[in-house]
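Asks: Below is the structure, and that's it, no one-letter string:
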C-alpha cells in the first residue's frame, strides 16, 4: 500500500474559506487597533491578539478538527494566559524575595 491524498475542495468552498478568514482577521485587527496602547509597568503594552488569527484560520479551514472545538480553544487560551501571567510574576523583581534561592 500506497496511500492516496485526500480529495481537494471545490472553488466555492475555497472562496468561502478565504472570505471567512479575511473577515475574521479584519475583525481581530480592528479590535487590536481599538484597544491601542495600554500603560503597563512604567511602559506601554500593545495588546496583540495574534493567536485568535491562527484559531480563526483553523476554524474556517478545518471546522471538524478537534483543535478548533470550543473546549480546546477556550482551554488552550486559558492555559496560555495563566502560564503567561505566572511567568510575568516570576520574572518581576518585586516578587524575587518570595522565590526561594537555590544555593550551589
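Replies: The structure has been received and is ready for your questions. Computed from a prediction, not measured in an experiment: that's the story for all the values here. Numbers count the residues shown, from 1 in each chain.

Asks: okay, residue 47: pLDDT?
Replies: For residue 47, the model assigns a pLDDT of 57.

Asks: So that it lines up with my notes, have the first residue be 618 from now on.
Replies: Yep, numbering from 618; the last one is residue 664 now.

Asks: residues making contact with stretch 683-693?
Replies: 672, 675-676, 679 (C-beta atoms under 8 Å, 6 or more residues apart in numbering). Yep, even glycine has a C-beta here, placed from its N, CA and C like the rest.

Asks: Out of those residues, which comes closest to residue 633?
Replies: Distance ranking of the contacts of stretch 683-693 against residue 633, using C-beta to C-beta, places residue 676 first at 12.3 Å.

Asks: Can you read off the pLDDT for the closest one?
Replies: 80.

Asks: Quick one: residues contacting it.
Replies: Taking C-beta under 8 Å, 6+ apart, we find residue 676 in contact with 641, 685.

Asks: Can you get me the centre-to-centre distance for the strand or helix carrying it and its chain?
Replies: With secondary structure defined by DSSP states H and E, residue 676 is part of helix 667-678. In terms of C-alpha atoms, centre = their mean, to the nearest Å, the centre of helix 667-678 is set 8 Å apart from its chain centre.

Asks: now swap in stretch 640-657 and tell me
Replies: The answer for stretch 640-657 is 13 Å, by C-alpha atoms, centre = their mean.

Asks: picking up where we left off before, and the buried ones among the contacts of stretch 683-693, selectable in ChimeraX?
Replies: The buried residues among those can be selected in ChimeraX (16 or more other C-beta atoms under 10 Å) with this line:
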select :672,676
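
Asks: tell me which of the contacts of stretch 683-693 is nearest to residue 637?
Replies: Nearest to residue 637 among the contacts of stretch 683-693 is residue 676, at 8.1 Å by C-beta to C-beta.
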